[in-house]
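this one's structure only:
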């Protein structure tokens, strides 16, 4: 009979999902058995990074991510677990725990309390006989609730004889696809993803939620009186079926459409598209948002970042549609999944005589047509007072967007570089964007971008990061990308400081000297770690980036030198 760790490794290997981790006393035999059984193990340099890689993998692949850590190391995962929990990303983390008899073990920590402090769920394997049930429960909860689940496994069991069900891996895989919404979105390879369409706003069971007729009627009454309706789609409405139904409703109403940040590019190319709503809105879009009299929010949480602390929705009627009844933020609220609710509203409107598409409403004169909705704020003009050996921030972002392969994955690290970067660097679809800011921490981006790359290794995974974020959470993990030769491009927007803090000091008239760092040049550092490195100090240097991309030698780091005094932190979120 196999040992417990060997059996657990067999089940995990049969799932054909990468396992991200850091080994130690309580999981080294599990990892070794996993590798011997043909499993794809990714050795991270930090436990938090392993969790983030699993989260990035889940975000892009539509599958539950897997990670493993040793006893006591859960203390290193709190920020990563908190971010994944708030981003509604499903993963299962196998966390080793010290032997039950060893009260004085220096690695003993209250795993359950630490995990729960992050918002993630904790399950403990108390008896070997319960393993099948605990694993099934962990995967089911991770998938249906779209959240991390940590399974605590005492080291006592490592070498105990154990026989898990031979069909356990099959049942786990099957549960991921059959217990979820049938409304699926295409994966990067073109095949349907078994992920719930309402990834960020799941129903209690993960299944499609049909709306109540009276709630649909109340919402239809509001829409019948709308003169300038706007439909706002969130991450819970990014599946292809959701998109089609939402656009059909918009055309019936003559409504403009917009998205939250995490659904960016959902309506890209559609004549009604206004881009990102609220604090990250740009260009002409703001005029439409101000003029809208009714907002239909579908699969969007309507948090204060989206609504600019309520300012963006003030004075407007809001119809809120969500698959999670606990997320209701306005009246009328419809508890329902995106596609069936949009179709129900279409049917109700048809019964009221609105059975043909209406013309789009407008507020911008034809004379303004040169300033496209997508154009965003005016480009920063070159200035003679810019620090020598640096390039313009906005111009660099626009060049990056135009030079990088269009079919790409995008991760943007936290910090003041986040706001313009997510506005200006595009993706083909929302699933290609990996969010890093649910916890508000810098330094999470590289590991998330690496997880995304493991999910779709054929496409270029792009990380846009500040220098502070890269040094905090990226430098050591860049070696992991080198070991696996990931198709990864790390763009470091390097202003030589902690940018957000720099802005705060300058805004209040203080000397920002404490925010500055004298980093080494990062391009040669990347080369010394086994990757490639390019430095950009003038616009002509972007040709080196083009050449490096064409060479298809990865991973690649691009060190873009910027003037810290010429980077805005432009985000419109007012205090209540």
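That came through fine. In this text, all values refer to a predicted model and were calculated from it rather than measured experimentally.

Burial check on the closest residue to residue 299 other than its chain neighbours, number of neighbours?
Nearest non-adjacent residue to residue 299, counting by Cβ to Cβ, 6 or more residues apart in numbering: residue 236, 2.5 Å away. Using the backbone N, CA and C atoms, a C-beta is placed for each residue, glycine as well. Neighbour count of residue 236, defined by other Cβ atoms under 10 Å: 32.

hang on, residue 236 packs against residue 322?
Yes. Counting by Cβ atoms under 8 Å, residue 236 touches residue 322, with 6.5 Å between them.

Let me see the domain layout of the protein.
The chain resolves into domains spanning 4-178, 213-359, 377-566 when parsed by automatic domain parsing.

would you turn those into TSV with mean pLDDT?
TSV is the format used below for the domains of the chain (pLDDT from 0 to 100):
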stretch	mean pLDDT
domain 4-178	94
domain 213-359	94
domain 377-566	94
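
can you list those in TSV and add distance to residue 207?
Below are the domains of the chain laid out as TSV (distance: least, Cβ to Cβ, whole Å):
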stretch	distance to residue 207
domain 4-178	8
domain 213-359	9
domain 377-566	20
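
Tell me the spacing between residue 228 and residue 275.
To residue 275, residue 228 is 17 Å away according to Cβ to Cβ, to the nearest Å.

re earlier: the residue nearest to residue 299 and residue 327, how far apart?
Using Cβ to Cβ, residue 236 is found at 9 Å from residue 327.

so who does the nearest residue to residue 91 once chain neighbours are set aside touch?
Computed as Cβ to Cβ, 6+ apart, the closest residue to residue 91 that is not its neighbour in sequence is residue 65, at 3.7 Å. Residue 65 makes contact with 17, 20, 53-58, 89-92, 451, according to Cβ atoms under 8 Å, 6 or more residues apart in numbering.

Any quick PyMOL command for the buried ones out of those residues?
Selection of the buried residues among the contacts of residue 65 in PyMOL, burial being defined by 16 or more other Cβ atoms under 10 Å:
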select buried, resi 17+20+53+54+55+56+57+58+89+90+91+92+451
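
Turn the contacts of residue 65 into TSV, columns for secondary structure and distance to residue 138.
Formatted as TSV, the contacts of residue 65 follow (DSSP: H, G, I helix; E, B strand; the rest coil; distance: Cβ to Cβ, whole Å):
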residue	secondary structure	distance to residue 138
17	coil	14
20	strand	16
53	helix	18
54	helix	13
55	helix	16
56	helix	20
57	helix	17
58	helix	14
89	coil	15
90	coil	10
91	strand	10
92	strand	5
451	helix	19
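
Identify, from the contacts of residue 65, the entry nearest to residue 311.
residue 89 (29.2 Å; Cβ to Cβ).

these two touch, right, the closest one and residue 59?
Yes. Assessed by Cβ under 8 Å, residue 89 is found in contact with residue 59 at 5.6 Å.

Just read off the phi/psi values of residue 261.
Phi and psi for residue 261, reported as degrees, to the nearest 10, are phi -60, psi -40.

For the closest residue to residue 524 other than its chain neighbours, grab the count of nearby residues.
Of all residues not flanking residue 524 in the chain, residue 533 sits nearest, at 6.1 Å (Cβ to Cβ, 6+ apart). By other Cβ under 10 Å, the residues close to residue 533 number 21.

hang on, residue 489 in a strand?
Yes. Counting by DSSP: H, G, I helix; E, B strand; the rest coil, residue 489 is located in a strand.

before we move on, the earlier item: greatest separation within the contacts of residue 65: which pair is it?
Spanning the widest gap among the contacts of residue 65 are 56 and 92, at 14.9 Å by Cβ to Cβ.
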